[in-house]
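J.: Sequence first, predicted coordinates after that:
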Amino acid sequence: MRITSQVKRIALAAVGVALLAQAADALASDWSTYTPRKFGYLFADKQELVKNGDTVKFWSAQAPAHIEPGTPVYTKDAYVVDCRQHTFKVVQSTQYDASEQATDVPVIVQNREIEPDSKEDALSQFACGTDKGAWMPVTAVAEFFHERAKNAKQGLSY
């Protein structure tokens, strides 16, 4: 009986450590959000940002300001931005529906000019470190998207 009790304590301690690690990861999130809501909810992941000379690769996530039936609840894109040439390309795009089912979207991987005041302009400011305070750190991004998907599944909108 004593061994069973010790095994239970060890198992509970392991679960507690795992939960604390998850909570610490959530609090230490390196996601940022673009505070003007001009593009809906726009996020960029600093933790996954990879610099190679003037080129920066990173993940972005976007949700429309209002959820419409039959449209993606959110989209995640992998961007490559050339800070010197002021160009970008999307190398991967995945849309998520109200059931959080992922659908890969075909992309044409080619460099394009970054238009002023565009979503890509905002993202390049994040990636190249030239933003003027428009990007703010944020936590619980995954939970935000999960809640949006749950609401969309129930027919609710923001």
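T.: Cool, got the structure.
J.: Which strand runs longest in this structure?
T.: strand 41-52 (DSSP state E).
J.: which strands and helices sit next to whichever helix or strand comes after it?
T.: Of the helices and strands lying after strand 41-52 in sequence (DSSP states H and E), the nearest is strand 55-63. On a contact count with 3 or more C-beta pairs under 8 Å, 6 or more residues apart in numbering; DSSP states H and E, strand 55-63 meets strand 41-52, strand 74-82, helix 119-128, helix 141-153. In short, each C-beta sits where N, CA and C put it, glycine included.
J.: Go through strand 55-63 and flag the buried ones.
T.: 56-63 (16 or more other C-beta atoms under 10 Å).
J.: same check, this time on stretch 60-80
T.: Buried residues in stretch 60-80 (16+ other C-beta under 10 Å): 60-64, 67, 72-80.
J.: that older thread, so can I have JSON lines of the helices and strands packed on strand 55-63 showing mean pLDDT and distance to Y34?
T.: As requested, those are exported to JSON lines (pLDDT from 0 to 100; distance: least, C-beta to C-beta, whole Å):
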{"stretch": "strand 41-52", "mean pLDDT": "94", "distance to Y34": "4"}
{"stretch": "strand 74-82", "mean pLDDT": "97", "distance to Y34": "13"}
{"stretch": "helix 119-128", "mean pLDDT": "96", "distance to Y34": "5"}
{"stretch": "helix 141-153", "mean pLDDT": "89", "distance to Y34": "13"}
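J.: Can you list the strands that the longest strand of the chain pairs with?
T.: Strand 41-52 pairs in its sheet with strand 31-34 (antiparallel), strand 55-63 (antiparallel), by DSSP bridges.
J.: do you know which of those lies nearest E143?
T.: strand 31-34 (11.2 Å; C-beta to C-beta).
J.: Run through who's touching the closest one.
T.: 41-47, 61, 122, 126, 134-139, 141 (C-beta atoms under 8 Å, 6 or more residues apart in numbering).
J.: lowest-pLDDT helix or strand in this protein?
T.: Across the helices and strands of the chain, the lowest-confidence element by mean pLDDT, DSSP states H and E is helix 2-27, at a mean of 43.
J.: So what sits opposite the residue most central in space within the chain in the bridge?
T.: Central residue of the chain (C-alpha atoms, centre = their mean): A61, 4.0 Å from the mean position. Beta-bridge partners recorded for A61 (DSSP bridges): F43, K76.
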